[in-house]
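K.L.:
any chance you can model this:
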Amino acid sequence: MICGPVSRMLLLLALFAATPLCVGAAETESTTIRVLTYNVQFLPAPASVKNERADPEYRAIQIAEEAGRYDIVGLQETFHEVHRGLIVEKLQKLWDGRLQTVVSPTPKSFYTSGGCLIATRLPVVAQSSMVYKNFSQPKDYGLRADGFAAKGVVHARIARTKQLPEDFIDVFVTHLEARADHLRPLQYVEMADFIQANGNPTRPAIVMGDMNTRGAKTFRSDPESQYVQLVKQLKIARPEGELIDVWPYLKGDALGGTNEQESYKIGKRIDYLFILNPPKPHAQLKPISVGVRLFRDPKVFALSDHNAVEAKLEWFPAMAGSVGTR
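P.N.:
Reported below is the predicted structural model:
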């Protein structure tokens, strides 16, 4: 019979040595991040007089105050450089100088930039952008044509910390065609090609923005709908992984309207936050909560003519031995 403290210690050591180590333990060590996508409607001069909400300088500061509560922010329609500058300046102060941004380019052939902005307090280790080749033309749609703006996709590779730049997620922000419905599916393909070319299939990706694509239950179940076409292309961009449309994933058939500031229970769901996860055991993003923010305001009724979509995500690192590079 084994007895005495020394004998008991030897027995425990023998049992421990016979037990295999759990190589996936690192997967339980996660970081919670808060993400926001928001079409803020800052039209370029002289079209800024057509903004649905008044006092753009005031709105810009208030939007930055709200955005400062998040870790990763994707804005659309930051066309006006002054108003975009106010947002960036305020976020720089709120985040103690840690602001990192990626802004849509303005090619010479366009009147204004694409209006997309990624802002984050986390390190950006790489960035890229593209402009859609298919868009509505002024000759067909006049001053309402999307072709005045260099709409496309902006991309930021965002690391968890400066010390671990290889531990990252790819974030893509877009604003899709608003006028010519028949051109939108062509942009789905362009966006998917860009994601495939610039993302890393061994890392999670976030795809968000104003996609001008109806996403209520009836459209999700209609095989001919543009929503189904959009999802199909995103899956083509990441064929080995998992696609999550965060709103229905957590809210089911709740409407989640984003173009009416009276309530998210009316209007159209056209603003999205998608997650593209690689296969396990690679790093994963798990949705924890999602909401539609109306951002109502007593001075200007609401801060934009869209509602924002926010989400809280749990960011799980890759399990041991699964790290890849690209």
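K.L.:
where along the protein do the helices fall?
P.N.:
Along the chain, the stretches classed as helices by DSSP state H are 5-18, 56-67, 81-94, 138-141, 184-198, 217-220, 226-237, 246-251.
K.L.:
so how far is the fourth one off the chain centroid?
P.N.:
The one in question is helix 138-141. The gap between where helix 138-141 is centred and where its chain is centred comes out at 30 Å by Cα atoms, centre = their mean, to the nearest Å.
K.L.:
list the buried residues in that helix.
P.N.:
Using 16 or more other Cβ atoms under 10 Å as the test for burial, helix 138-141 gives Y141. In this view, the C-beta of every residue, glycine as well, is placed from N, C-alpha and C.
K.L.:
how about residues contacting that helix?
P.N.:
Contact with helix 138-141 is made by 145, 147-148, 179-180, as judged by Cβ atoms under 8 Å, 6 or more residues apart in numbering.
K.L.:
one more: the longest one?
P.N.:
The contact list for helix 184-198 (Cβ under 8 Å, 6+ apart) reads 128, 130, 132-135, 153, 155, 170, 172, 174, 176-177, 205, 207, 212-213, 226, 229-230, 232-234, 236-238, 276.
K.L.:
let's have the helices of the chain in TSV, adding mean pLDDT.
P.N.:
Listed next are the helices of the chain as TSV, based on pLDDT from 0 to 100:
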stretch	mean pLDDT
helix 5-18	42
helix 56-67	98
helix 81-94	98
helix 138-141	92
helix 184-198	98
helix 217-220	97
helix 226-237	98
helix 246-251	98
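K.L.:
closest one to P44 among these?
P.N.:
Closest approach to P44 among those (Cβ to Cβ): helix 81-94, 8.1 Å.
K.L.:
so which bits of the closest one are buried?
P.N.:
Within helix 81-94, the residues that count as buried by 16+ other Cβ under 10 Å are 83-84, 86-88, 90-91, 94.
K.L.:
so how far is that helix off the chain centroid?
P.N.:
Distance, centroid of helix 81-94 to centroid of chain: 19 Å (Cα atoms, centre = their mean).
K.L.:
please apply the same query to stretch 40-47.
P.N.:
Per Cα atoms, centre = their mean, the displacement of stretch 40-47 from the mean C-alpha position of its chain is 22 Å.
K.L.:
again, but for stretch 252-268
P.N.:
Here the centre of stretch 252-268 is set off from its chain's centre by 19 Å, with Cα atoms, centre = their mean.
K.L.:
buried stuff in that stretch?
P.N.:
254-261, 264, 267-268.
K.L.:
out of the residues you listed, who's nearest S109?
P.N.:
When the buried residues of stretch 252-268 are compared against S109 (criterion: Cβ to Cβ), the nearest one is N259, at 29.6 Å.
K.L.:
give me the nearest residue to that closest one, chain neighbours excluded.
P.N.:
Computed as Cβ to Cβ, 6 or more residues apart in numbering, the closest residue to N259 that is not its neighbour in sequence is G267, at 4.6 Å.
K.L.:
go on, L303?
P.N.:
Distances taken as Cβ to Cβ, 6+ apart put F295 closest to L303, at 4.2 Å, once the chain neighbours are dropped.
K.L.:
and the gap between the closest residue to N134 other than its chain neighbours and K312?
P.N.:
Closest residue to N134 apart from its sequence neighbours, by Cβ to Cβ, 6+ apart: L186 at 4.0 Å. L186 sits at a distance of 34 Å from K312 (criterion: Cβ to Cβ, to the nearest Å).
K.L.:
just to revisit the earlier point, and the residue nearest to N134, how many residues sit next to it?
P.N.:
15 (other Cβ atoms under 10 Å).
K.L.:
contacts only, for the residue lying closest to P287 once chain neighbours are set aside.
P.N.:
Excluding the flanking residues, the one nearest P287 by Cβ to Cβ, 6+ apart is V246, at 4.8 Å. The neighbours of V246, taking Cβ under 8 Å, 6+ apart as the test, are 273-275, 287, 290, 309, 311.
K.L.:
mind giving me CSV with the residues you listed and columns for distance to V103?
P.N.:
Output for the contacts of V246, formatted as CSV (distance: Cβ to Cβ, whole Å):
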residue, distance to V103
L273, 20
F274, 22
I275, 24
P287, 27
V290, 26
V309, 21
A311, 23
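K.L.:
for the closest residue to A150 other than its chain neighbours, what are its contacts?
P.N.:
Nearest-residue entry for A150: F110, 4.0 Å, with adjacent residues in sequence omitted and distances by Cβ to Cβ, 6+ apart. For F110, the contact set (Cβ under 8 Å, 6+ apart) comprises 131, 147-150.
K.L.:
check N51 too.
P.N.:
N51 touches 41-43, 305, counting by Cβ under 8 Å, 6+ apart.
K.L.:
strands - which of those land there?
P.N.:
Using DSSP state E to define strands, the subset of the contacts of N51 located there is 41-42.
K.L.:
thanks a lot, catch you later.
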